[in-house]
Structures are given as structure tokens and as C-alpha cells.
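**Student:** what follows is a predicted protein model with its sequence.
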Amino acid sequence: MALYRCFALIFFCLLINFPAASFARDTPLPAAQAFGFKSTVNSEGVTLLFDIQKGYHLYLERLKFQPGSNAVTLDAIDLPEGERVNDPSLGNTRIARGHQEIKIRFLALPAAPEVGTLKVTYQGCQDEGSCYPPQHETLSLEGVGVSSAPPRPLSECDARGIPEDTGARSKQCQIVDALKAESFLSTGLSFLGMGILLAFTPCIFPMIPILSGLIAGQGSRIDSRRAFTLSLAYVLASALAYTLFGILAGLFGHNLQATLQNPTVIALFSGFFVVLALSMFGAFTLQVPSSLQNHLTALSNRQQQGTLWGSATMGFLSALIVGPCVAAPLAGALIYIGETGDAIFGGFALFCLGIGMGLPLLVIGTSAGTLLPKAGTWMEAIKSLFGFGLLGIALWLLDRILPSDLMLFLWGGLLILAAMALGALEALPSSSGLLARFGKGTGVILLAYGILLLIGAASNGADPFHPLEKLSIGPREAKVASDHQLAFIPIHTIDELDEQLQNAARLDQSVMLDFYADWCTACQEMEEITFQDPVVQNTLSHVILLKADVTQQTDEDRSLQKRFGLIGPPATLFFRNGNQEVTQRRIVGFMEPSNFNNHVIASIGPVARSISP
């Protein structure tokens, strides 16, 4: 009987307390109590404390630290690692629980008697309940000292100093998030796929005639197995170059590929391609001194041996010289390496990226070994064709360092020589087959276009696709430029940049900063396609446009890149209200006009006026 009364009493107590317990569980605590935010200030900086109650979590990627003025500069902030979860609203994100401590140091503070401030924004949720709106705390920095540590460049994917309304994260920041969350296998497959897509961009196209020329240089001795082996050596070496120098760029913030874009290196590498082209021609059409001819013949013979080391060397150098542009996958891997110092995982991702970029080359190279004729005059004609292709690569490289009108002249000369090799001015026998007639017709077309390029060069033309654009017929003063161009303000130093940003802040205007280089193919695509679009131009009509031309990679150029933690061009940065960069909306690589227009509106606000019909 006593046991029965005991069970009844326990059941009665549970029945009474159940509604209260349920109410306590469902009713969220006030934000201050749920997250227990506190801060302490000392001479070393500010310490933020979070005592997060059980059943609650804090979003680490929603933590933001905004200086109260330009006089306050943050040092690097090491956030807690937290745990990775799949949130219904935010997707794959990091959260923190329990006791968390964040220390913040400062590189610069306002001079006395002014006292700096720091705005801290945080947001979290109840595990099985409602979420809190962003919480804002403004801290006084009185008594805080300045860090003596050297400044570390801010990563564009860091959750600090970012305006609240940033929109979606940039593609490279999404890649950084994926690297932090995915396994080795999934990361490798993802970067392999992104590399295959990058293989069809203009930055990689020049590698096709280089590899094909190496295969054709084998002559009648080439077969599909040998072609595959040489192509594999070329692709593996180029992937190794991306990996090795990508790791160095991520760890030290210095892009060797950009450094190698100086006139001396470009001229030497172009000369090397000219030598390879001469080996394809057999030196029978070029009359050079016998001593030099013997030297070129020796180089040609060594090249025709087709050693794996020679193919690998060409692949390694081609990756450094031919394709120096930074794309979003490459930028994401470099940011990840710079943030985490994890060179092994980041290097593995870069290697997979390089292999993906090389897979189409591997297919093309192996196919060349199968399709190329093995003997006879056909082989000589094919080798001559690849010889002109290698000369085209040499000119494509020289385009980075020579004047546009001179390049137009050289392209015209190359096309005329190719037309002569195709027999454009030779009479065809009446019994000639369709292939011979097709070759002569191609030669005539090349001859005509080559002449147009020479005329364009004489009229100070610059664009090989519009060689007669600057040709004037009639009085010179009657010539009026019709194409509208965006008016970019050139920026050469950090001081010039700061001056323009301060001016924009006074005018309460948004700013777009474009990093450009002549040797960057994606930069030229942005110039010729995206920035020429009328809708894009209208959207940018009330935006201050700045351009940093980092072609020469001078000390000032590298300082500008280091200021924003950039490895190299292309990159497009946006600033709200003049001085607040929307770092997570940076663009790395080419973006087509419609997507770019939407990106601009999301980054710095809607267009001020509609486009006129």
C-alpha cells in the first residue's frame, strides 16, 4: 500500500510540473541571458565573452566587428572553430555553444582625446525554437592599446568589418566554406569538376597548340601510346605548378605567376616558341646564318626526341607563363590556405583543379597521336600548321608588352605568311581535289584579313577584330567616337585610393574598384564584354569607378593587392558609402553582364535611374 502511494505521489508531481516544464522549454530566454554577452577592455585589447545557455547556439559566421571610424583598424581575429551544422535557414554553417572567448587586438586607434568605438553584432537561435534578430553592442575602446604585431591582410571571407546587409556570399567564399566542411574525396571531386570547366576558358586555350606542337614534333615516330605519355607528363607538371606556387601564394600572399609577367620573361618565352616553330618548319623557308641554323637544328633535334622531361618542363612553364589569371576556384583555395595555413588540404584541392584543367588537354594530345599522319608530305604540312600555331602563341604573349599597333602589324604579317604557305597566290591545277581547293580558299581569306590588319596598323588601330576602327576618311576632326566608355579613375598607390574613398564617403557614394592587368585574359573579357553592356553602364552611372592597373607588378601594385589580401587580378571590389567594403561580394574572374548587373545591385544598392529607351 505504501508503495502504491509513493508511485501516485510521483505521478501527481509530474502531472503538475509538466505544463510548467513545457512552457519553460518553449519560451525563449531574453537574448542577453541566452547568450551571456560580456566584454572586458585592457591595454592588450578587447575580450568578448559568450556564456551560451544549454539549448541555444550562436552563429559564428554572423559575428561582425565594425570599427566606429576609419581611425580604428582591427588586427587579425581568431574566431572559435565551433561545429559545422546544416541549418534549415542558412544551410551549411558554423555554430558555437557553451563558453566562448574572443580576443581582439587593434593596429590603429584615434589620437587622444578622441575615444574609438567598436560595434559588435551577433545572432543565434534556440535549438528547437525561435531565432533572435541580430543583437548590436557598441563598445568604448578607452584604455585599449595598439598591437605591435605587423598587420595581417584581411581575408575577403572573414566575418569582421562587414556591413550587415551583404547579400549572398561570393563564389570564392562559398568554396572556402566547402573546403572547411568537406572531406578529401568530395573536395577532390569538386575541384576536378571545376578544373574541367576552367579548361574551356580563354586562359587555357593557348595550351592546346603548345601540347599539340610537342606531339606533332615527334614526326612519323608518334603513336597513341607515346602521345598519351607525353600529354600525361605535360598535364601532371602543369598541375604540380598550380599546386606548388598556389601554396606559396596562399601562405605568403605573393603570386609568382604575376611576377613572371615582366617583359624580359615574356620575351624569352616567346623566343622559345619561335625556336619550336622553326623546328616545325624544318628551317627550309628561313635563310639564317649557318652557325645559327646549326644551333637551331640541334635544338630541334633535341625537341624531336620528345623526352618526358622536356614535355613536363613545357607543362610546368606553360602553367606559370600562359595562364596567370585568378579564377574563383583558385582564389577560394588560396584564401583557405591563407586563413587556415593548411597547405596539405589546400594543395590537394589545387592539384585536383590542375588535373581537371588538364584532362581535355590529355584527350586532345592523345587524339593527336592517333589522327596525325605517320609519314609523307602530309606530315610536313601538319608540322608547318602547328609551327604557325606556335608563332601565334609567341605573338599572343608579346601582346602583353608591345604596342597595339605594332601587334596588329605582326598579326597581319603572320596571317599573310600562313596564306602564302597555303598557296593563296599559286594557281591550282584543274585536277585538284576538294581538299586542295579548300586549303587555297582558306589561304585567300587569311591573306585578305592579313592585309586589313596591316592597314589597321598603319591607321593606329588596336583591335584585331576591328582593325579599321580608327581609319578616318575625310577631315580628322569629323571623326567622333560613338561608343560610350565607363570613366574609370586610375589608382596607382594606396594614398590615392584612400583619397578617393574619403571623397566618396563625404559624397555618400558607392565605389567600385577594378583590378586589371594587360596580361590577364579574364580582365580583358570584363573590359570588352561586361563593362561595354548598356545596362551595366547604366547601373554604374552613379557609382565612383576606380581602376588599379597592376600590369607591371611594381611595389605599389603589390601593396595595393596586399591591402585587400589579393593574390592577383582579376578582382572587382565594392564599397558602400565610400569606405565600407562589402568583402563577401567580391568578384574574382569574369562574370557575364546580366549576372554582374544583378551582383552590383545586391552589393551596393539598386540603380538610381532606369535606362532610357
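**Tutor:** Yes, it's here.
**Student:** going forward, measure contacts and count neighbours with C-alpha atoms only.
**Tutor:** Fine.
**Student:** so where's the stretch 101-250 of the chain shaky on pLDDT?
**Tutor:** Counting by pLDDT under 70, the stretch 101-250 of the chain has low-confidence residues at 147-171, 180-182, 202, 216-222, 249-250.
**Student:** again with the stretch 501-613 of the chain
**Tutor:** If you take pLDDT under 70 as the line, the stretch 501-613 of the chain has these spans: 577-580, 605-613.
**Student:** could I get the full set of strands for it?
**Tutor:** When assigned using DSSP state E, counting those that start in this stretch, the strands of the stretch 501-613 of the chain occupy the ranges 511-516, 544-549, 571-576, 580-581, 587-588.
**Student:** and the last one, what does it pack onto?
**Tutor:** In this case it means strand 587-588. helix 328-340, strand 571-576 (3 or more C-alpha pairs under 8 Å, 6 or more residues apart in numbering; DSSP states H and E).
**Student:** 7 Å - rerun?
**Tutor:** Under the contact criterion of 3 or more C-alpha pairs under 7 Å, 6 or more residues apart in numbering; DSSP states H and E, strand 587-588 touches strand 571-576.
**Student:** and if you look at the second one?
**Tutor:** Secondary structure elements in contact with strand 544-549, counted by 3+ C-alpha pairs under 7 Å, 6+ apart, are strand 489-491, strand 511-516.
**Student:** compute the inter-axis angle for the last one and strand 571-576.
**Tutor:** Right, the one you point to is strand 511-516. 170 degrees (axes from the mean of the first three to the mean of the last three C-alpha atoms, to 10 degrees).
**Student:** hang on, residue 48 is in a strand, isn't it?
**Tutor:** Yes. Under DSSP: H, G, I helix; E, B strand; the rest coil, residue 48 sits within a strand.
**Student:** name whatever forms a beta bridge with it.
**Tutor:** Beta-bridge pairing for residue 48 (DSSP bridges): residue 39, residue 102.
**Student:** tell me how many other residues crowd it.
**Tutor:** 15 (other C-alpha atoms under 10 Å).
**Student:** work out for me the element residue 275 sits within.
**Tutor:** If you go by DSSP states H and E, residue 275 is part of helix 263-281.
**Student:** for that helix, packing partners?
**Tutor:** helix 290-304, helix 377-398.
**Student:** give the buried residues for that helix.
**Tutor:** For helix 263-281, the neighbour count (16 or more other C-alpha atoms under 10 Å) marks 266-267, 269-271, 273-281 as buried.
**Student:** now do the helices in the stretch 101-250 of the chain.
**Tutor:** Applying DSSP state H, counting those that start in this stretch to the stretch 101-250 of the chain gives helices spanning 171-181, 184-198, 207-216, 224-252.
**Student:** just the buried residues of the third one, please?
**Tutor:** Judged by neighbour count (16+ other C-alpha under 10 Å), helix 207-216 contains these buried residues: 207, 208, 209, 210, 211, 212, 213, 214, 215, 216.
**Student:** with distance to residue 243 as added columns, please give the residues you listed in JSON lines.
**Tutor:** Listed next are those as JSON lines, based on distance: C-alpha to C-alpha, whole Å:
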{"residue": "207", "distance to residue 243": "18"}
{"residue": "208", "distance to residue 243": "21"}
{"residue": "209", "distance to residue 243": "23"}
{"residue": "210", "distance to residue 243": "21"}
{"residue": "211", "distance to residue 243": "20"}
{"residue": "212", "distance to residue 243": "24"}
{"residue": "213", "distance to residue 243": "25"}
{"residue": "214", "distance to residue 243": "23"}
{"residue": "215", "distance to residue 243": "25"}
{"residue": "216", "distance to residue 243": "28"}
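**Student:** what's the closest of the residues you listed to residue 431?
**Tutor:** residue 216 (29.7 Å; C-alpha to C-alpha).
**Student:** which of the helices of the stretch 101-250 of the chain is buried the deepest?
**Tutor:** helix 207-216 (a mean of 25; mean count of other C-alpha atoms under 10 Å).
**Student:** now do that helix: which elements does it pack against?
**Tutor:** With 3+ C-alpha pairs under 7 Å, 6+ apart as the test, helix 207-216 has helix 343-371, helix 377-398 packed against it.
**Student:** the longest one to helix 184-198, inter-axis angle?
**Tutor:** Computed by the same axes, to 10 degrees, the angle separating helix 343-371 from helix 184-198 equals 50 degrees.
**Student:** circling back to that earlier point, from the buried residues of helix 263-281, which two are the most distant?
**Tutor:** 266 and 281 (22.7 Å).
**Student:** for residue 236, which residues are in contact?
**Tutor:** Residue 236 makes contact with residue 355, according to C-alpha atoms under 7 Å, 6 or more residues apart in numbering.
**Student:** one more pass at 6 Å, please.
**Tutor:** Applying C-alpha atoms under 6 Å, 6 or more residues apart in numbering to residue 236 gives no contacts.
**Student:** go on, the one 5 residues further on?
**Tutor:** Taking C-alpha under 6 Å, 6+ apart as the definition of contact, the neighbours of residue 241 are residue 316.
**Student:** how near is it to residue 318?
**Tutor:** For residue 241, the distance to residue 318 equals 9 Å [C-alpha to C-alpha, to the nearest Å].
**Student:** cool, and residue 562?
**Tutor:** Separation of residue 562 from residue 318 (C-alpha to C-alpha): 26 Å.
**Student:** who has more neighbours, the two?
**Tutor:** Between residue 562 and residue 318, counted using other C-alpha under 10 Å, residue 318 has the larger neighbour count: 22 against 17.
**Student:** confirm the more buried one sits in a helix?
**Tutor:** Yes. Assessed with three-state DSSP, residue 318 lies in a helix.
**Student:** thinking again about what came up before, most neighbours per residue, which of the helices and strands packed on strand 544-549?
**Tutor:** Comparing these by mean neighbour count (mean count of other C-alpha under 10 Å), strand 511-516 comes out on top with a mean of 22.
**Student:** mind listing what the spatially closest residue to residue 126 that is not a sequence neighbour touches?
**Tutor:** Closest residue to residue 126 apart from its sequence neighbours, by C-alpha to C-alpha, 6 or more residues apart in numbering: residue 56 at 4.4 Å. Residue 56 is in contact with 125, 126, 127, counting by C-alpha under 6 Å, 6+ apart.
**Student:** of those residues, which is the nearest to residue 438?
**Tutor:** Nearest member of the contacts of residue 56 to residue 438, counting by C-alpha to C-alpha, is residue 125, at 70.8 Å.
**Student:** what bridges to that closest one?
**Tutor:** residue 57, residue 131.
**Student:** what of the one 10 residues further on?
**Tutor:** Beta-bridge pairing for residue 135 (DSSP bridges): residue 122.
**Student:** my read: it touches residue 120, true?
**Tutor:** No. Using C-alpha atoms under 6 Å, residue 135 makes no contact with residue 120, being 8.1 Å away.
**Student:** more neighbours: those two, which one.
**Tutor:** Neighbours were counted for residue 135 and for residue 120 using other C-alpha under 10 Å; residue 120 has more, 19 against 13.
**Student:** so that one sits against residue 137, correct?
**Tutor:** Yes. Counting by C-alpha under 6 Å, residue 120 touches residue 137, with 5.1 Å between them.
**Student:** all set, thanks.
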